[in-house]
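Q: sequence and predicted structure below; questions after.
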Amino acid sequence: MIGTPTHCPYCALQCGMTLRLAAPGAPPASPPVEVTPRDDVPANQGGLCRKGWTSAELLTVPDRLTAPLMRAGRDAPLEPCTWDEALDRVAGELRGLRAAHGPDAVAVFGGGSLTNEKAYTLGKFARVALGTSQIDYNGRFCMSSAAAAGGRAFGMDRGLPGPVTDLAESGAVLLAGGNVAETMPPFMRHLTAMRDRGGALVVVDPRRSATARQADLHLQPLPGTDLALANGLLHLVLAENLADHAYIAARTTGFDAVRTAVNSYWPDRVERITGVPVPEMREAVRLLAGAERAHVLTGRGAEQHAHGTDTVTAFINLALALGLPGRAGSGYGCLTGQGNGQGGREHGQKADQLPGYRRIDDPAAREHVARVWGVDPDSLPGPGRSAHELLSALGGPAGPRALLLFGSNPVVSAPDAAAVEERLAALDLLVVADFVPSETAARADVVLPAAQWAEESGTMTNLEGRVLRRRRALAPPEGVRTDLAVLADLARRLDAPGDWPDDPAEVFAELRRASAGGPADYSGIDYGRIEREGGVFWPCPSPDHPGTPRPFLDRFPTPDGRARFVPVGHRGPEEEVDADYPVYLTTGRVLAHYQSGAQTRRVPALAEAEPGPFVELHPDLAGRLGVEDGDAVRVRSRRGAALATARLTEAVRADTVFMPFHWAGEGRANLLTNPALDPVSRMPEFKVCAVRLEPAARPAPVSVF
């Protein structure tokens, strides 16, 4: 039987897979489609991780939402209702709130898992149908620091500098703050191929993660000191005369200021700050500088800090000094996390952007997009609040009084999660579109059942900047609608101007026009071309343009065509340890689960592999606390407390503990995390805060799913 070629619903690698309808007579509990990997997709080359293999089980989870739900009152339970009842109520309350309090009384929150078509329509809906500036998305929590640093240095934010297959030909890769062996396992194929050819992998991580265990060199810094380490590595590059001065002179600006800035990051000082031994720093520099081709990559561990933009900038400075960006097979890159984390931020979900990665405060950009939308440019709102600032303002005196939420679960995923719960409870109206009753949906006034990845078509843009087709394999259950249909219906109920198609192909055609001429130009891409070519790299400004897999080969998209060195300096975490909170906490993901866990906790094999929250701590720390492996532990920060099971391991530093953030309830790691924001990217400081640990008086919770 011929299957439907598509891509995995999870991470930004967007592994290729084929979906085949299950054979007639299959047991009722079986997934409706069978998943097999595709070997014609370069990103995964026939591989899948356990999340991809089990992804079809999401389509038949027991608590799948198949009818709208609505509360009669604030304390009333959610009850099934008709679509007309749900949408009429939503549109009516939105009208009333806007009339009484102005358009910014209504907010929209999106997600990095939405297709390009849905992300585009959500941004258009906010600005045209609602007239609100209050829109942002959970991708702000993902790689906004790398986006800001990349834009500052290169004039463009695009995850990888070339196809992911370039990594296999590299002579050295430095990966700072990424654990791809667990977060996107097929990515390791490219790093393994590099090592098989004699290349070296250097991993920077406070934990000896699954990726670090496969590295040739593991640098294990104190959490929050990556910037000092990067500056120290650059100091060594310059001190040992390993910089590419011809490249620096021909293709960059600002080098002298950076050279002066890193003079004070001599090796012994950096070792005292970071805990990384000087010989290991020298070895890392030798490996990078000695390779004919090399890459410097960052992940969330380097980016999710209140100084994440500067930290990424320090690693970009290192790459520039070595002459890597803009050379085929070399460069700096960021490992995008969510499935459409790249495309999701290009077409209007961010508070300060319009489609095509245009700035919303740029008059020419407003004129162009308004013309596509058929509205007056002056009617478009200006920049709004960033994600955490938006969530923190909900229900407040000057904040939004209603929130429409698509593709996100901030009750679990946002920092200082208890405070986010309080803000959601203060709203006059919370509307959530989802396919399962997530922890955020459970608090909504109206819940709209949404179609899933295999039940709708659209495009995704993976971590390479390659635009891919997601194809519908089967119809959604009766009573379920796509997000595009919901937004189109609400726009009509609100008498929004312009056209509101709900067919993905029509929406993409409009997106192409809106993006034309912008930094992320999709105007030369169409569905047929994506299918013929297996994906198209943006920017692609015309149908006869080949696409741009390596955007910096000839020049950087800056006014003078040169990349910019930017001097940055180390400062510690916003919250240092002290006598009351003497241990650092860092957070991350594990192999079996994804993001807030709302999907993976419902897949039996994945839930069995990792059934509940845990905290990793070093045996020395455990000994001081009187904690044994398997004990229930209460982890406290200045914001709250979480319960978890102790896992003793020497993979984590003795001054640091690690918690995954996939679980809800009392085991939420984000009850603890610090919402302090990066001044440029507005990224919260997920990756480091001060905590204390106590033996718990009762067992740690276990996830229901």
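A: Nice, I can see it. No experiment lies behind these values; they were computed from the predicted model shown. Numbering: from 1, shown residues only.

Q: which other helices and strands does the helix or strand bottoming out on mean pLDDT in the chain contact?
A: None of the helices or strands of the chain scores lower by mean pLDDT, DSSP states H and E than helix 341-344, at a mean of 89. For helix 341-344, the packing partners by 3 or more C-beta pairs under 8 Å, 6 or more residues apart in numbering; DSSP states H and E come out as helix 116-124, strand 458-461. All C-beta spots, glycine's among them, are computed from the backbone N, C-alpha and C.

Q: contacts for that helix next, please.
A: In this structure, residues lying in contact with helix 341-344 by C-beta atoms under 8 Å, 6 or more residues apart in numbering are 12, 110-116, 119, 137, 139, 142-143, 158-159, 336, 338, 459-463, 465, 467.

Q: for Arg189, which of the helices and strands packed on helix 341-344 is the nearest?
A: Nearest of those to Arg189, taken as C-beta to C-beta: strand 458-461 at 20.1 Å.

Q: quick one, phi psi at Ala450?
A: The phi and psi torsions at Ala450 (degrees, to the nearest 10) take the values phi -110, psi 150.

Q: beta-bridge partners for it, please?
A: Arg481 (DSSP bridges).

Q: tally of neighbours for Gly348?
A: For Gly348, the neighbour count with other C-beta atoms under 10 Å is 29.

Q: okay, now the closest residue to it other than its chain neighbours: neighbour count?
A: Of all residues not flanking Gly348 in the chain, Gly123 sits nearest, at 2.3 Å (C-beta to C-beta, 6 or more residues apart in numbering). Per other C-beta under 10 Å, the neighbour tally for Gly123 reads 25.

Q: for Gly123, give me its contacts.
A: By C-beta under 8 Å, 6+ apart, the residues touching Gly123 are 110, 135, 347-349, 353-355.

Q: ditto for Leu21
A: For Leu21, the contacting residues are 1, 32-34, 473-474, by C-beta under 8 Å, 6+ apart.

Q: for it, phi and psi?
A: Torsion angles, degrees, to the nearest 10, at Leu21: phi -60, psi 140.

Q: any idea how far Val566 is from it?
A: Computed as C-beta to C-beta, to the nearest Å, the Leu21 to Val566 distance reads 53 Å.

Q: just Ala364 next, same as before
A: The value you get for Ala364 to Val566, if C-beta to C-beta is used, is 26 Å.

Q: who's more crowded, those two?
A: A count of neighbours by other C-beta under 10 Å puts Val566 above the other of Ala364 and Val566, at 20 against 11.

Q: confirm the more buried one sits in a helix?
A: No: going by DSSP: H, G, I helix; E, B strand; the rest coil, the assignment for Val566 is coil, not a helix.

Q: who's in contact with it?
A: Listed by C-beta under 8 Å, 6+ apart, the contact set of Val566 reads 152-153, 254, 258, 313, 316-317.

Q: run through the residues that contact the spatially most central residue of the chain.
A: Nearest residue to the geometric centre of the chain (C-alpha atoms, centre = their mean): Cys142, 3.3 Å. Applying C-beta under 8 Å, 6+ apart, one finds that Cys142 lies in contact with 112, 300, 336-338, 341.

Q: next one: Asn263
A: Applying C-beta under 8 Å, 6+ apart to Asn263 gives the contacts His235.

Q: relative to Phe255, how far out is it?
A: From Asn263 to Phe255 the distance is 13 Å (C-beta to C-beta).

Q: one more: Asn462?
A: 33 Å.

Q: between those two, point out the one with more neighbours.
A: More neighbours surround Asn462 than the other of Asn462 and Phe255, with 27 against 19 (other C-beta under 10 Å).

Q: just the buried ones from the contacts of Leu21?
A: Those of the contacts of Leu21 that meet the buried threshold are 32-34, 473-474, by 16 or more other C-beta atoms under 10 Å.

Q: what's the most distant pair in those?
A: Across these, the longest distance by C-beta to C-beta is 11.7 Å; it joins Glu34 and Leu474.

Q: okay, and the common contacts of the two?
A: The contact sets of Glu34 and Leu474 overlap at 19, 21 (C-beta under 8 Å, 6+ apart).

Q: any idea of the mean pLDDT in stretch 628-646?
A: Here stretch 628-646 scores 97 as its mean pLDDT.

Q: run through who's touching it.
A: By C-beta under 8 Å, 6+ apart, stretch 628-646 touches 416-419, 575, 581, 585, 612-615, 617, 622, 627, 647-648, 657, 659, 666-669, 671-674, 689-701.

Q: inside helices: which ones of these?
A: 417-419, 622 (DSSP state H).

Q: could you identify which of the residues you listed has the most neighbours?
A: Compared across those, Ala417 has the highest neighbour count, 27 neighbours, by other C-beta under 10 Å.

Q: the spatially closest residue to that one that is not a sequence neighbour: what's it in contact with?
A: The spatially closest residue to Ala417, leaving aside those adjacent along the chain, is Asn670, at 4.2 Å (C-beta to C-beta, 6+ apart). Applying C-beta under 8 Å, 6+ apart, we find Asn670 in contact with 412-417, 587, 661, 686.

Q: then Asn231?
A: Here Asn231 is in contact with 261-262, 265, 270, 314, 317, 568-570 (C-beta under 8 Å, 6+ apart).

Q: list just the nearest of the contacts of Asn670 to Gly331.
A: Phe686 (26.0 Å).

Q: tell me the phi and psi of the closest residue to that closest one other than its chain neighbours?
A: Of all residues not flanking Phe686 in the chain, Gln304 sits nearest, at 4.0 Å (C-beta to C-beta, 6+ apart). Note on Gln304: backbone dihedrals following degrees, to the nearest 10 are phi -90, psi 70.

Q: run a quick neighbour tally on Gln304.
A: Gln304 has 28 nearby residues by other C-beta under 10 Å.

Q: report the separation between it and Pro519.
A: Here Gln304 is placed at a distance of 24 Å from Pro519 (C-beta to C-beta).

Q: same thing with Asp629?
A: For Asp629 relative to Pro519 (C-beta to C-beta), the value is 50 Å.

Q: just Gly547 next, same as before
A: In this view, Gly547 and Pro519 are 15 Å apart by C-beta to C-beta.

Q: after the longest helix anywhere in the chain comes which helix or strand?
A: Assignment by DSSP H gives helix 83-101 as the longest helix of the chain. Counting by DSSP states H and E, the element after helix 83-101 in chain order, helix or strand, is strand 106-110.

Q: what's around the closest residue to Gly46 other than its chain neighbours, how many residues?
A: Leaving aside its sequence neighbours, Gly46 sits nearest to Asp39 (C-beta to C-beta, 6+ apart; 3.5 Å). If you count neighbours by other C-beta under 10 Å, Asp39 ends up with 11.

Q: my guess is Asp39 contacts Met17, does it?
A: No: the criterion here is C-beta atoms under 8 Å, and Asp39 misses it with Met17 at 10.7 Å.

Q: residue contacts, Pro415?
A: Applying C-beta under 8 Å, 6+ apart to Pro415 gives the contacts 141, 388, 670, 673-675, 684-686.

Q: what comes up buried for whichever helix or strand Ala365 is part of?
A: Assigned by DSSP H and E, Ala365 belongs to helix 363-373. Buried residues in helix 363-373, defined by neighbour count with 16+ other C-beta under 10 Å: 365-366, 368-370, 372-373.
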